[in-house]
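A.B. asks: quick one: sequence plus predicted model below, questions after.
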Amino acid sequence: MKIKNVVLTAMVWSGAVMCVSPVSAGILDSQALAAKADASTADVMPVSMRTPVTESKNGLQLALTPPMGWNSWNHFAGKITDADIRAQADIMAASGMREAGYTYIVIDDTWQGKRDAKGVLHPNKKFPDMKALADYVHSKGFKLGIYSSPGKKTCAGYEGSYGHEIQDAQTFADWGVDFLKYDNCGLNSVLEYAAQIGSKLVHSEKNRLVKKMEAEQIAAYSRMGEALQMTGRPIVYSISQYGLVNVEKWAASTGANMWRTTNDIKAFFWRIAQIGFKQNGLEGYAGPSHWNDPDMLEVGNGRLTPDESRTHMTLWCLLAAPLIAGNDMTKMSPETLKILADPELIAIDQDSAGKQGRRIAKAGRTQIWARQLADGSVALGLFNRGILPHKITVDFKLLGLGNALLVRDVWAKADLGVLTGSYTATVPKHGVVLLKVRKI
């Protein structure tokens, strides 16, 4: 099988990020790199120079590390029932997912029934007693999540929370809910934006629409954020509005602990890669209690290969993304469990420093991403999006940790010892090599 050789080099932690094209022989010298780095600083602002984002407005200090759990939508969609939630909780407790850190079990759309004469929202017949279900989930050592919308209707056409934010928040708290996913469907500004922003409007008119939508979004999500805080119950607040109107810049001010930065994920490698690799540049907005969310995990769904699933899990962990599984836990294969519950991957995702990783090099279909960890080490992902294996080389001296580093291959569970100068790995198609490197 043909193997392509790619040498990727990058200036990483010295104040600028620079991607360098592959070179045919050797590594570019440090003076050439420095010159290119100086030229690149006008286009790429290092994280340390960005205005820091404070913690979420939610004063309860929730989600100090990215939330972990399971959500019903990716596999069950509108067919989810009380019995399904109990079954997921049972197997997650028995399989080791709970011990791995997966905490929240989230009921997505289609649980809602009708409002009574006082406006109180009740679940439909699929969920006969939500308080009893919450008690059961809690008894298994998990926390319960639920779904609603700032619009009058949810994405599936069920009752939304528009005009009932305080009432619904209190209902959720009374049931014992610990997590709210608040989805954008039904909000008028979204419908207007989607219908008009792609039309032949003049630039000034598009700007007016964008500003109007942003103001409406902030107001709508703030209403529920404030309502959740009024309950006094610690409820993680997850907003899902697909990354529209620069959500990363204002979401924390609404009380949100995590916010979607993309449209919906699908269980296809092309879609996972499209979403995941577009997260570069958002790292300055993430940190303890406020996280960028590139959507739920598809590991265990569709026809993803083991290499594709490892790429998915690796990239999300380097991104400090919430790890919300979406497969049917009752039919989970040993391979899927091994990927989802890998303790070294989860340790990277849950690293206490809360620094989101970023791309440090790109050439063709290959990329290198790096994430600084609290202990001073760096997690490095060598990604191959191509359809052939590639050799990828990373130059150690450009990481700012010294020329000789202690290296571990995380997926292989192999200590590679002290390596000097650089490291080259053959990365399979759609695959990844994940390294953890530190000073000796």
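C.D. replies: That came through, no problem. Numbering: from 1, shown residues only.
A.B. asks: what's the burial count for the closest residue in space to residue 163 that isn't next to it in sequence?
C.D. replies: Counting by CB to CB, 6 or more residues apart in numbering, residue 152 is the residue found nearest to residue 163 once chain neighbours are left out, at 7.7 Å. All C-beta spots, glycine's among them, are computed from the backbone N, C-alpha and C. By the criterion of other CB atoms under 10 Å, residue 152 has 15 neighbours.
A.B. asks: so residue 152 sits right up against residue 162, yeah?
C.D. replies: Yes: at 4.6 Å, residue 152 counts as touching residue 162 under the criterion of CB atoms under 8 Å.
A.B. asks: shared neighbours of these two, anything?
C.D. replies: Both residue 152 and residue 162 are contacted by residue 186, under the criterion CB atoms under 8 Å, 6 or more residues apart in numbering.
A.B. asks: what's the per-residue pLDDT of the residue nearest to residue 163 here?
C.D. replies: Looking at residue 152, its pLDDT stands at 93.
A.B. asks: contacts only, for it.
C.D. replies: Residue 152 neighbours (CB under 8 Å, 6+ apart): 160, 162-163, 186.
A.B. asks: narrow those to those in helices?
C.D. replies: Using DSSP state H, no member of the contacts of residue 152 sits in helices.
A.B. asks: flag the shaky bits of the chain, pLDDT-wise.
C.D. replies: The model of the chain has pLDDT under 70 over residues 1-60, 188-203.
A.B. asks: show me what the longest helix seen in it is packed against.
C.D. replies: For the chain, the longest helix by residue count, based on DSSP H, is helix 203-231. Applying 3 or more CB pairs under 8 Å, 6 or more residues apart in numbering; DSSP states H and E, we find helix 203-231 packed against helix 165-175, strand 179-183, helix 188-196, strand 236-240, helix 247-250.
A.B. asks: just to revisit the earlier point, for residue 146, see how far away the residue nearest to residue 163 is.
C.D. replies: Separation of residue 152 from residue 146 (CB to CB, to the nearest Å): 18 Å.
A.B. asks: got the domain boundaries for this protein?
C.D. replies: 4-50+357-439, 68-349 (automatic domain parsing).
A.B. asks: mean neighbour count, those domains: which tops it?
C.D. replies: When the domains of the chain are scored by mean count of other CB atoms under 10 Å, the highest mean neighbour count falls to domain 68-349 (a mean of 20).
A.B. asks: surely residue 273 touches residue 384?
C.D. replies: No: Residue 273 lies out of contact with residue 384 (CB under 8 Å); the separation is 10.6 Å.
A.B. asks: which neighbours do these two share?
C.D. replies: The contact lists of residue 273 and residue 384 share residue 430, where a contact means CB under 8 Å, 6+ apart.
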